[in-house]
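1. Following is a predicted model, sequence given first.
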Amino acid sequence: MKTNDVILQTVAKIVVFIILTFSVFLFFAGHNNPGGGFIGGLVTAAALVLLALAFDLETIRKVVPVDFRKVMAVGLLIALLTGIGSLVLEVPFLSHTFGHWDLPLLGDTELATATLFDLGVYLAVVGVTMTIILSIGEDH
Amino acid sequence: MMNNLLIMPLLVPLVTAVVLIFFNRQIRLQKWISGLSALANVGVAGYLVHVVRQEGIQTLNMGGWAAPYGIVFVADMFAALLVLTTTIVSAACLYYAFGSIGKEREKFYFYPFFQFLIVGVIGSFLTGDIFNLFVCFEVMLISSYALIVLGGTKKQLRESLKYILINIISSALFVASVAYLYAVVGTLNMAHLSVRVAEAGQGGVLTTISVLFLIVFGLKAGLFLYFWLPGSYKVPPAAITAVFGGLLTKVGLYAIIRTFTLIFYHDPYITHTLIGWLAAATMLLGVIGAIAYWDIHRILIYNIVAAVGFIAFGLAAANQAALEGAIYYLVHDMIVKALLFLLGGTIIAYTGTATIKEMGGLMRTRPVLGWMFFIAAMALVGVPPLSGFIGKLLIVEGGLQAGFYWITGIGLLTSLLILYSMMRIFMNVFWGVPKRPLSEPKKGTGWLLLPASCLVILTIVLGLGAEWIYPYVNQAGETLLNPDQYIQAVLKE
């Protein structure tokens, strides 16, 4: 018998976007406030898992057609490269810096290299979580 | 002195591992990348040893945050030597794996996991922060879980379950011990810990915590608590067992030596005596295992256990000679154990069985393998002028100086029995006539002897070149005996 999950699917379609937006907010909140790449990545993964629950794994693969193992590797690589950047600049490994820029629309904005590192963490977390869940989920 | 060189031996395998994930399908390319990076890392580690020799202990404060608040990497000579040995041993095992590991494992990320394992091992040697030590242990262990289960045969799954269970328990205990230690002295930086413990005096509580650490590291090193080891090291293929046998238990030993020379050295009457008797028991039980079995892998695995006991005994005696001996023997043992497992794997590949009773006459068809095994066995036992001799001599000398007559006696008896166990393999495998038709070796197995022969040469060099190597070991031993040098380098008071 096919289960009737119209309500779940309808709600999920909307809620997924709220969760994704929130994850972006959390990601940028990091650095100075609670949040950051790790928690942002987990929340993004939660949104994708909700999709997987409401629909199925095939839908996920169609909606997000990426290899999550590669996403994890890209994340690790970005995080590593920000570390290696400090080798090139001859400051201690993993050193970070920040500065203020006048950007259009946003005005005076603080840009920190730590955000790049966090982006790596974000991708790695999404990649790992989704790899784990998808491999367990498809194992019948 | 601030030096980014310290992170390089860890960064090279880490970047390699990440890059390898992208080339999951191109196995040939994976081999090229990991092979070249392994060789490059030997060079980097060699340079690190050279710099430490020239300029003393090197430190690196991650992100520019000063110790004890930030995370610090420290390379004294002891750590640098072990890093160099690790890169050499892992490179040899990697090249052996090229010819022996098989497509099935290569497809499932064998090479990235291998590199991550090296990251964990090297990180454990270099970190100067006890919580970071835990993190590096975990990196190493998680990769080792993956390597032990790759292939997924029934017995692998059974043994890896035990292996993971025992390691999760000991890791939990590790974090708990770190928490206790932090609660008592309020720091996690090892140099700072040393200062604080010295200030507070190592009373009953701290000694108890130190014994907790001894249990944790003892579980990882196989010091007395080795019951999990023979089963789980037996199931993966030779290249992986060689890396495990050569490196993993040694990381536990390194942690024991580091904590009990740098932090908990104030109450040797309790802690070091305890280590001494654990070492004696480990040697005896290990060597009994080594002469009890007919399975070549099991014999070699129990030899790991016996050697762990012997090195720990060097720490228990804790004087200049004994510590230098322990360092020398540790380096020697990493090389020679990996070598023996590689040769054991080759023997099994040629004869098609692991039981030495069923082998025989291999000397006629494979004389090179035979002589290499003979040299490795002699080095393991400590026949001069090979590499095991100097380490053993120094440990025995230190043990007698420290008044551990009984345990020194046990150590010498153990050596004799190890000689017996190795000769039993040699005679059964290489002498006599073949008891069963030799299975025709697969194409390309001749290649397997190349990495092993590099390690054979190294054991000879370590023995004959002792005069040239001794100053390095001497410097390492001096730092272990004088924790102040380490503290000064890290905290720069």
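-> Great, that's in hand. Numbering: from 1, shown residues only, chains lettered A, B, ... in the order given.
2. Up against chain A, what does the stretch 51-200 of chain B have?
-> Residues of the stretch 51-200 of chain B found near chain A (CB under 8 Å from any CB of the partner chain) are B:60-64. Every C-beta, even on glycine, is put in place using the N, C-alpha and C of the backbone.
3. host element of the residue of chain A found nearest chain B?
-> Going by CB to the nearest CB, chain B is nearest to A:A73 of chain A, at 3.9 Å. Assigned by DSSP states H and E, A:A73 falls within helix A:68-88.
4. Let me know whether stretch B:29-45 sits next to chain A.
-> No. Using CB under 8 Å from any CB, stretch B:29-45 stays clear of chain A, coming no nearer than 12.5 Å.
5. Isn't B:L400 up against B:G409?
-> No. Judged on CB atoms under 8 Å, B:L400 makes no contact with B:G409 at a distance of 9.8 Å.
6. Who are the contact partners of the closest residue to B:Q156 other than its chain neighbours?
-> Take B:Q156 and drop its neighbours on the chain: the residue closest to it by CB to CB, 6 or more residues apart in numbering or on different chains is B:V235, 4.7 Å away. The contact partners of B:V235, by CB atoms under 8 Å, 6 or more residues apart in numbering or on different chains, come to B:148, B:153, B:155-156, B:159-160.
7. Now the strand or helix carrying A:L134: buried residues?
-> Using DSSP H and E, the element containing A:L134 is helix A:114-137. Neighbour-count burial for helix A:114-137 flags A:114-131, A:133-134 (criterion: 16 or more other CB atoms under 10 Å in any protein chain shown).
8. again with stretch A:85-95
-> Going by 16+ other CB under 10 Å, stretch A:85-95 has these buried residues: A:85-87, A:91-95.
9. what two of those residues are the furthest from one another?
-> A:G85 and A:P92 (11.8 Å; CB to CB).
10. who are the neighbours in contact with the residue nearest the centre of chain A?
-> Against the mean C-alpha coordinate of chain A, by CA atoms, centre = their mean, the closest residue is A:G41 at 3.5 Å. By CB under 8 Å, 6+ apart, the residues touching A:G41 are A:23, A:27, A:121-126, A:129.
11. List the residues that contact the nearest residue to it once chain neighbours are set aside.
-> Sequence neighbours aside, A:V125 is the residue nearest to A:G41 in space, at 2.9 Å (criterion: CB to CB, 6+ apart). Listed by CB under 8 Å, 6+ apart, the contact set of A:V125 reads A:37-38, A:40-42, A:45, A:75.
12. and A:D108, what element?
-> strand A:107-112.
13. Helix A:114-137 and that strand, what's the angle between them?
-> Strand A:107-112 runs at 70 degrees relative to helix A:114-137, counting by axes from the mean of the first three to the mean of the last three CA atoms, to 10 degrees.
14. Any part of strand A:107-112 near chain B?
-> No. Using CB under 8 Å from any CB, strand A:107-112 never reaches chain B; the gap is at least 12.6 Å.
15. follow-up on the earlier one: and the angle from the helix holding A:L134 to helix A:68-88?
-> Interaxial angle of helix A:114-137 relative to helix A:68-88 (the same axes, to 10 degrees): 160 degrees.
16. Please state the offset of helix A:114-137 from the chain centre?
-> Relative to its chain's centre, helix A:114-137 lies at 6 Å (CA atoms, centre = their mean, to the nearest Å).
17. what about dumping the CA coordinates of it to PDB?
-> Only the C-alpha atoms of helix A:114-137 are listed here, as PDB (Å, rounded to 0.1, in the frame of the first residue of the first chain):
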ATOM      1  CA  ALA A 114      38.000  32.900   8.700                       C
ATOM      2  CA  THR A 115      34.800  32.900   6.600                       C
ATOM      3  CA  LEU A 116      36.600  31.100   3.800                       C
ATOM      4  CA  PHE A 117      37.800  28.500   6.300                       C
ATOM      5  CA  ASP A 118      34.200  28.200   7.600                       C
ATOM      6  CA  LEU A 119      32.900  27.700   4.000                       C
ATOM      7  CA  GLY A 120      35.200  24.700   3.800                       C
ATOM      8  CA  VAL A 121      33.900  23.400   7.100                       C
ATOM      9  CA  TYR A 122      30.300  24.000   5.900                       C
ATOM     10  CA  LEU A 123      30.800  22.000   2.700                       C
ATOM     11  CA  ALA A 124      32.700  19.200   4.500                       C
ATOM     12  CA  VAL A 125      29.900  18.900   7.100                       C
ATOM     13  CA  VAL A 126      27.200  18.800   4.400                       C
ATOM     14  CA  GLY A 127      29.200  16.300   2.400                       C
ATOM     15  CA  VAL A 128      29.900  14.000   5.300                       C
ATOM     16  CA  THR A 129      26.300  14.100   6.700                       C
ATOM     17  CA  MET A 130      24.700  13.500   3.400                       C
ATOM     18  CA  THR A 131      27.100  10.700   2.500                       C
ATOM     19  CA  ILE A 132      26.400   8.900   5.700                       C
ATOM     20  CA  ILE A 133      22.600   9.300   5.500                       C
ATOM     21  CA  LEU A 134      22.300   8.500   1.900                       C
ATOM     22  CA  SER A 135      24.500   5.400   2.200                       C
ATOM     23  CA  ILE A 136      22.500   4.100   5.200                       C
ATOM     24  CA  GLY A 137      19.200   5.100   3.600                       C
END
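18. Give me the average confidence score over that helix.
-> In this model, helix A:114-137 has an average pLDDT of 89.
19. Please enumerate the strands of the stretch 301-450 of chain B.
-> Per DSSP state E, counting those that start in this stretch, the stretch 301-450 of chain B carries no strands over any range.
20. Sticking with B:F131, tell me its helix or strand.
-> Applying DSSP H and E, one finds B:F131 within helix B:130-149.
21. and what of B:Q30?
-> helix B:27-55.
22. And that helix, what's buried?
-> B:30-31, B:33-35, B:37-38, B:40-42, B:44-46, B:48-49, B:51-52.
23. other SSEs contacting it?
-> Packing contacts for helix B:27-55, counted by 3 or more CB pairs under 8 Å, 6 or more residues apart in numbering or on different chains; DSSP states H and E, involve helix B:8-22, strand B:58-61, helix B:77-100, helix B:103-107, helix B:110-126, helix B:466-481.
24. Near chain B, which residues of chain A are found?
-> A:69-70, A:72-73, A:76-77, A:80, A:83-84, A:86-87, A:90-96.
25. hmm, 7 Å instead?
-> A:69-70, A:73, A:76-77, A:80, A:87, A:91-96 (CB under 7 Å from any CB of the partner chain).
26. Between all of the residues you listed, which two are separated the most?
-> A:R69 and A:V91 (32.2 Å).
27. which residue packs closest to residue 30, ignoring adjacent ones?
-> You didn't say which chain, so I picked chain A. Per CB to CB, 6+ apart, closest to A:G30 is A:G36, 2.8 Å.
28. wait, I meant chain B there
-> B:Y111 (4.8 Å).
29. Report the contact partners of the one you found.
-> B:20, B:30, B:34 (CB atoms under 7 Å, 6 or more residues apart in numbering or on different chains).
30. where in the chain is pLDDT low?
-> With no chain named, the answer covers chain A. A:1-2, A:139-140 (pLDDT under 70).
31. Oops, wrong one, chain B.
-> Ranges of chain B meeting pLDDT under 70: B:1-2, B:437-446, B:493.
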